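1. Structure for the following, please:
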Amino acid sequence: MSLHEERLKAHEHLQTVTAAQWRSFFLASDATQGAPAGEMHGGDQVSGASENLHRMPFFVLSREWSRWVKAFYAQNIVTDIAWMELPEIRVPNWRPSDAAEALVALVLYVRRDRFVEGALGSNIRHGDVQYAIAKLAEEFRPRNND
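-> Numbers count the residues shown, from 1 in each chain. Alright, predicted model coming up:
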C-alpha cells in the first residue's frame, strides 16, 4: 500500500460521513480545546507484595480526549486504512496536506496507540491530532445553520 492508495480510500470514506456524524465528531473535538492529553500512571511499587514488584507504567488519556476517541469510532469517522504500511507518514514532522491525508493520519494516531503506550498522547502534545482535525474541519465541519 502507498499513501496515494490510502488517500483514495480515505477520500471515498469521507464522502459517506453524514452531517450529523460530523457535528457529533466536531463537538467532541471542540471539547478537547485546552485539555491536557493525559498522564502516565504506574511504575510504582505494588504495596503489600512480598517481593519487590512494580506496576508497569501506562498512559491514561484525559476525559476529553477519551471522549474524542470514542466519537471518532462511534460516528464512523474511522475507516480501514493500512496505517502500518505507510512509510511516508512516519517521517518526523509530517503533516497531512488535505482532509483525506488527515483521516489517514488520525487512523494512524488512534490505532497505533493500542500498540505503543502513550503514542496518541504524544501526538496530541505535539499538535499532530489537532492539526489533522483542523484539516478535516476545513472541508467537513457543518455550518451552524445546517
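2. What ranges in this structure fall below the confidence cut-off?
-> In the predicted model of the chain, residues 49, 145-146 satisfy pLDDT under 70.
3. hmm, try it at 50
-> 145-146 (pLDDT under 50).
4. what separates the residue of the chain positioned farthest from its centre from N93, distance-wise?
-> Distance from the centre of the chain peaks at S50, with 40.2 Å (C-alpha atoms, centre = their mean). Distance of S50 to N93, computed by C-beta to C-beta, to the nearest Å: 48 Å. C-beta coordinates here come from the backbone N, C-alpha and C atoms, glycine included.
5. cool, H4 as well?
-> Distance, H4 to N93, using C-beta to C-beta: 20 Å.
6. So which of these two has more stuff around it?
-> Higher neighbour count among H4 and N93: H4, with 9 against 6, using other C-beta atoms under 10 Å.
7. Just confirm that one is within a helix.
-> Yes: using DSSP: H, G, I helix; E, B strand; the rest coil, the assignment for H4 is a helix.
8. does M56 sit in a helix, a strand or a coil?
-> Taking three-state DSSP as the rule, one finds M56 in the coil state.
9. who's in contact with the spatially closest residue to it that is not a sequence neighbour?
-> Excluding its sequence neighbours, the residue lying closest to M56 (C-beta to C-beta, 6 or more residues apart in numbering) is G42, at 5.5 Å. Applying C-beta atoms under 8 Å, 6 or more residues apart in numbering to G42 gives the contacts H54, R55, M56, P57, F58.
10. between those, which is closest to V104?
-> Comparing the contacts of G42 against V104 with C-beta to C-beta places F58 closest, at 26.7 Å.
11. what separates that closest one from E117, distance-wise?
-> F58 is 6 Å from E117, where distance means C-beta to C-beta.
12. Mind checking which of those two has more residues around it?
-> E117 (15 against 11).
13. Was I right to think that one contacts P57?
-> Yes: here E117 lies in contact with P57, judged by C-beta atoms under 8 Å, at a distance of 7.2 Å.
14. Shouldn't N52 be within a strand?
-> No: with three-state DSSP as the criterion, N52 is coil rather than part of a strand.
15. How about it, nearest residue that isn't a chain neighbour?
-> Nearest to N52 is Q45, by C-beta to C-beta, 6+ apart, at 6.9 Å.
16. Many thanks, we can stop here.
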